[in-house]
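*Asks:* Predicted model and sequence follow; I will ask about them next.
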Amino acid sequence: MFHSASHSSHASQLFDEMPHRKPQDSECTLLWDAFNIVQHIIKHPTTSNSAMAHALAVKQGALTDLRTATSLLTAYSRCKKFGSSLAFFDEVVDRDVVLWNAMMSSCVENNRFEAAIGVFNKMVGEGSEFDLTSVVIIISSFSNLKCLRQGRVAHCLSIKAGMLSDRVLSNAAIDMYAKCGDLNSSECVFAGVEYKDLVTWNSIITGSIYNNHPEKSLWYFGHMITCENEADSISISCALAACTSLQEFDIGQAIHGWATKSGYAVKGYVSVANSLVSFYSQLRDIYAAECVFSEMIVKNVVSCNAMIKGFFLNGEAAKAFYLLINMQLVAAIQPDLTTMVTVIPFCAELMLLREGKAAHSFSLRREMASETSVINSLINMYSKCNRVKEAETLFSTVPKKDLVAWNTMIFGYAQNEQSWEAQTLFKKMLSCCSTFTLPTLLAIIPSCDRPNSLQLGRLIHGWSIKLGFLSQVFASNSLMHMYINCGALSDAVALFRTTSTKVDVTSWNTIIAGCTQKGHFWEALEYFNSMRKQAWVRCSSVTLGNVISACGNLGLAFEGKLIHGLALKTVAGADIRVQNSLVTMYGRLGDSESAKLAFNLSHDHNLCSWNCVISAVSQNEDAKKALELFRSLEFEPNEITISTVLSACTHLGAMSYGKQLHGHVYRFSFHQNPFISAALTDMYSNCGRLDIAERVFQYSRDKSVTAWNSLISAYGFHSLGSKAIGTFHDMISSGTRPTNGSFTSLLSACSHAGLVDEGRMYYEIMLSRFKVVATAEHHVCMVDMLGRSGRLEEAYGFITSLPSQPEAGVWGALLSACSYHGDAEMGRRVAEILFSLEPENVGYYVALCNMYVAAGRWEEAVELRSVIENKQLKKPAGYSCIDVGLR
């Protein structure tokens, strides 16, 4: 920032300070008059007074005087009439080195660096000798063009000409090497300067900042102070910028105190005050930043920009917008391009569409909307605010798209789940650009989020290897995340292992979260154990949240409590996401009391916290407690809250509470949510009001597969098998593909209605036509259906023909059927299998015992009773509920 502020003024300043021609006796006093007039207007040149001076010089014949010609050329340059300077220079026949230098200085002053190099080449080509000033100006041009090789040649040329000892030249070389990214050469030149002035120190301090070495910048600043060199506003501003980059709050405060003592933190040194505002803002001491800003007597647009950015960084968006308005109305400071590219990205991050549109309109009125940086910021803002069409329109208006524009639009498509558009635009970009950068890779990877994008993801992986991007940790992390989203967990694991020597906590989190999301819970815990063995990696809230989730899904109560203890001992454990994960884990472990305790002990509850505890108690058959928690809710409920509480009403069969919730649904405009509609359908069906369940389904606008499944299940629950089958066919006709749950509901309906042949047919259709993998729920439904119809041997054959070992619930369904039909012998065979699978389940012993009693086989019944007593098995007591209202 500081390094580039004076790139065009340095050459002109040097030209002013360089030795001029020796005064010569003039035969005509008119030449002196013209020269004096031109010298006078150089101080404040305008187009009109420069033209008048030119006309006077022509009239008096003074253009033959090189002093007058040089001064006139400089006047045109400083009033930004570069074309006039160049045309005037071409008219001069006898040029000396001063005039050549003035022309090169004019080029640099007007940012025509290539032209300056051309003038120098022309000067050398015509045989004119160059001097120290010529070399300094040409080095400044190479510096601004970042042409390191040519800059080295110019430096060598100065050494060959014996100019090495000149301090001004050395300062220019330090600046050039730093701007060209060769800080080592810059430091070598600096070390060779015997008598260093303030410019020398400032050049190396700013050069270190420019090359992302803030620690070196601070070291040089400290060394300069110890060498009894007086720092100026540039040195102090750079030192504060270095403290900001390094997050060195104490050192920054010390520099603030030193600047105050030296008189640089008071009025007149705006750059120092601006750096202080930026320093305190970015180190999250917004109060100190405001104090510095309010004490500034003279403020400029840089001051306001720093304060606006500080407010945004510290979550004070309202104050940022207030200052944006106030700076124009009160301080009469007009926002510039930097203001816009500060405000618009924060509008994007905070999804402030209205404010972002206002910034867009302002940039149009101030003719800043054609700037590439503004357009790119606006594309990003509209994309993040889910306005892809507006982003597309802006992108299409850019005549010459840079890589940032391409990357922003590609990422905009990807984050709005328009993967095909993102990939199409990426391919179009490759046809327009020869290559892509790391930000391009990070922009396109999120679009590869499903199995059919795996091939493109692998191609991108190959490109990243070829271009050397995998040396960046966040590139490999993004690729691992892509493989996980595409269902290729093995590829993600392989990539993780190849980069295991340079992984960070994000890498571990990516692979652990991937295993958890894809159901590989044991693998997630194994990677967590490996991570804990790495001394340099500390688990974060993301790590703990995923590992806690894995313990909950595996039913590992002991391990879950160990992780809970670890969370209590780390800072990450205080994160609300970790606390919510603990509540959910205890709910899945069936420990609703611990879930409630974890909720009560956590701080700063959010709506997710309440949803987690309501769900935890609801799924553990404490539906009444769930309703009580809902009544105590401290936030406005969302769709998840309503769905969970409706599920509790379903378990209770409490239609009165369900109707009240239905009112909430309309009050909060959730009635068109497909998941809410499905939950309402379930609730009314289970409470015996199938007619209302049908109406809820019919009036839902977007019928999700969950809603269809709920209606099929409702018909099955009410033994309306034909209607369930008809609804299933309607679902397929609507284009909705049936899921596991669809066939579970359908088979259950066929079972309740006694439609055995139809049930067998749909089971075969499920496997062959829809390629749905049969689960334990489907097997239970089939066995229950065959058992209800008395086809016990067929049910037994179905179970034994399954490709894998059936779960206990499948055999339990057959045992219930044997009990219902009084087949004690078949019941004995099934019960023996169940005793080996779940020896502590007293229900199986009681069911077989009851079958023996019904068949008159008393001896066997007594023997089985003895087994139950010896094993000390007890059947949970049954109970009934009555509604006495909520506390």
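*Replies:* Thanks, I have it.
*Asks:* Tell me the spacing between the closest residue to E838 other than its chain neighbours and G555.
*Replies:* Residue nearest to E838 in three dimensions, not counting chain neighbours: A808, with 5.0 Å by C-beta to C-beta, 6 or more residues apart in numbering. (Each C-beta comes from the backbone N, C-alpha and C, glycine too.) The spacing between A808 and G555, counted by C-beta to C-beta, to the nearest Å, is 15 Å.
*Asks:* what residues are up against the residue nearest to N673 when sequence neighbours are not counted?
*Replies:* Closest residue to N673 in three dimensions, ignoring its sequence neighbours and counting by C-beta to C-beta, 6+ apart: E639, at 5.1 Å. Neighbour list for E639: F670, N673, F675, I676 [criterion: C-beta atoms under 8 Å, 6 or more residues apart in numbering].
*Asks:* neighbour-wise, which of these leads?
*Replies:* Ranked by neighbour count under the definition other C-beta atoms under 10 Å, the contacts of E639 are headed by I676 with 24 neighbours.
*Asks:* before we move on, the earlier item: neighbour count: A808 and G555, which is higher?
*Replies:* When neighbours are counted by other C-beta under 10 Å, A808 and G555 differ, and A808 comes out ahead with 16 against 13.
*Asks:* my guess is that one meets N841, correct?
*Replies:* Yes: under the criterion of C-beta atoms under 8 Å, A808 is in contact with N841, at a separation of 7.5 Å.
*Asks:* Dead centre of this protein: give me the residue that sits there.
*Replies:* E349 (9.1 Å; C-alpha atoms, centre = their mean).
*Asks:* can you pull out the helices in the stretch 251-400 of the chain?
*Replies:* In chain order, the stretch 251-400 of the chain shows helices spanning 270-282, 286-295, 301-313, 317-329, 337-349, 353-365, 372-384, 388-397, with DSSP state H, counting those that start in this stretch as the criterion.
*Asks:* Out of these, flag the one nearest Y666.
*Replies:* With respect to Y666, and counting by C-beta to C-beta, the nearest of the helices of the stretch 251-400 of the chain is helix 353-365 at 27.1 Å.
*Asks:* tally of neighbours for the residue nearest to D491 when sequence neighbours are not counted?
*Replies:* Once flanking residues are discounted, D491 sits nearest to Y483: 4.3 Å by C-beta to C-beta, 6+ apart. Around Y483 there are 27 other residues, counting by other C-beta under 10 Å.
*Asks:* show me what contacts Y483?
*Replies:* Y483 is in contact with L454, G457, L489, D491, A492, L495, G514, counting by C-beta under 8 Å, 6+ apart.
*Asks:* How much space separates it from G263?
*Replies:* Counting by C-beta to C-beta, the gap from Y483 to G263 is 59 Å.
*Asks:* cool, Y845 as well?
*Replies:* Where G263 is concerned, Y845 sits at a distance of 93 Å (C-beta to C-beta).
*Asks:* Repeat that for A824.
*Replies:* According to C-beta to C-beta, A824 stands 103 Å off from G263.
*Asks:* Of the two, give the one with the bigger neighbour count.
*Replies:* Between A824 and G263, counted using other C-beta under 10 Å, A824 has the larger neighbour count: 22 against 10.
*Asks:* The more buried one and L815 touch, don't they?
*Replies:* No: applying C-beta under 8 Å as the test, A824 and L815 come out as separate, 11.2 Å apart.
*Asks:* contacting residues around the closest residue to N300 other than its chain neighbours?
*Replies:* Here the nearest residue to N300 in space, its sequence neighbours aside, is V270; by C-beta to C-beta, 6+ apart that works out to 5.7 Å. With contacts defined as C-beta under 8 Å, 6+ apart, V270 is in contact with M296, V298, K299, N300, V302, S303.
*Asks:* Which single one of those residues is nearest to K771?
*Replies:* Taking C-beta to C-beta as the measure, V302 is the one of the contacts of V270 closest to K771, at 63.3 Å.
*Asks:* got the contact list for the closest one?
*Replies:* Applying C-beta under 8 Å, 6+ apart, the residues near V302 are V270, S271, N274, T338.
*Asks:* Need the pLDDT of it.
*Replies:* The per-residue pLDDT reported for V302 equals 91.
*Asks:* Equivalent analysis for S9, please.
*Replies:* At S9, the predicted lDDT confidence score is 48.
*Asks:* got it, and K389?
*Replies:* The pLDDT attached to K389 in the predicted structure is 92.
*Asks:* Pull up the gap between it and G207, please.
*Replies:* For K389, the distance to G207 - C-beta to C-beta - is 45 Å.
*Asks:* So between the two, which is more surrounded?
*Replies:* Counting neighbours by other C-beta under 10 Å for K389 and for G207 shows that G207 has the greater number, 27 against 8.
*Asks:* What segments of the stretch 551-700 of the chain are helices?
*Replies:* The residue ranges that make up the helices of the stretch 551-700 of the chain, judged by DSSP H, counting those that start in this stretch, are 557-569, 576-588, 592-601, 607-618, 623-631, 639-652, 655-667, 674-686, 690-699.
*Asks:* buried stuff in stretch 611-624?
*Replies:* Applying a neighbour-count criterion of 16 or more other C-beta atoms under 10 Å, the buried positions in stretch 611-624 are 611-620, 622-624.
*Asks:* what does stretch 369-380 give?
*Replies:* Burial within stretch 369-380, assessed by neighbour count using 16+ other C-beta under 10 Å, is assigned to A369, V374, I375, N376, S377, L378, I379, N380.
*Asks:* Same check on stretch 278-287?
*Replies:* The neighbour-count criterion (16+ other C-beta under 10 Å) identifies S278, F279, Y280, S281, Q282, L283, D285, I286 as the buried residues of stretch 278-287.
*Asks:* And G653, its phi and psi?
*Replies:* phi 70, psi 30 (degrees, to the nearest 10).
*Asks:* can you tell me the average pLDDT over stretch 760-775?
*Replies:* If you average the pLDDT over stretch 760-775, you get 88.
*Asks:* Use 574 as the first number for this chain going forward.
*Replies:* In the new count, where the first residue is 574, that last one comes out as stretch 1333-1348.
*Asks:* what's the distance between that stretch and the middle of its chain?
*Replies:* Averaging C-alpha positions (C-alpha atoms, centre = their mean, to the nearest Å) puts stretch 1333-1348 41 Å from its chain's average.
*Asks:* and the contacts of V843 as JSON lines, adding distance to R1333?
*Replies:* Conversion of those to JSON lines gives the following (distance: C-beta to C-beta, whole Å):
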{"residue": "M869", "distance to R1333": "84"}
{"residue": "V871", "distance to R1333": "88"}
{"residue": "K872", "distance to R1333": "82"}
{"residue": "N873", "distance to R1333": "82"}
{"residue": "V875", "distance to R1333": "78"}
{"residue": "S876", "distance to R1333": "79"}
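*Asks:* Between these, which sits nearest P787?
*Replies:* Within the set of the contacts of V843, V875 lies nearest P787; the separation is 19.8 Å, counting by C-beta to C-beta.
*Asks:* check contacts around the residue nearest to the residue nearest to the centre of the chain when sequence neighbours are not counted.
*Replies:* In space, not counting the residues next to it along the chain, E922 is nearest to K957; the distance is 7.1 Å by C-beta to C-beta, 6+ apart. K957 is in contact with A921, E922, M924, G985, Q988, counting by C-beta under 8 Å, 6+ apart.
*Asks:* Going through those residues, which ones are buried?
*Replies:* Buried by 16+ other C-beta under 10 Å: A921, G985, Q988, out of the contacts of K957.
*Asks:* Distance of the first one relative to T912?
*Replies:* The spacing between A921 and T912, counted by C-beta to C-beta, is 15 Å.
*Asks:* on that earlier part again, tell me which two of the contacts of E1212 sit farthest apart.
*Replies:* F1243 and F1248 (9.2 Å).
*Asks:* now the contacts of E1212 in a markdown table, with distance to A1168 and pLDDT?
*Replies:* Conversion of the contacts of E1212 to a markdown table gives the following (distance: C-beta to C-beta, whole Å; pLDDT from 0 to 100):
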| residue | distance to A1168 | pLDDT |
| --- | --- | --- |
| F1243 | 25 | 83 |
| N1246 | 26 | 82 |
| F1248 | 23 | 83 |
| I1249 | 24 | 87 |
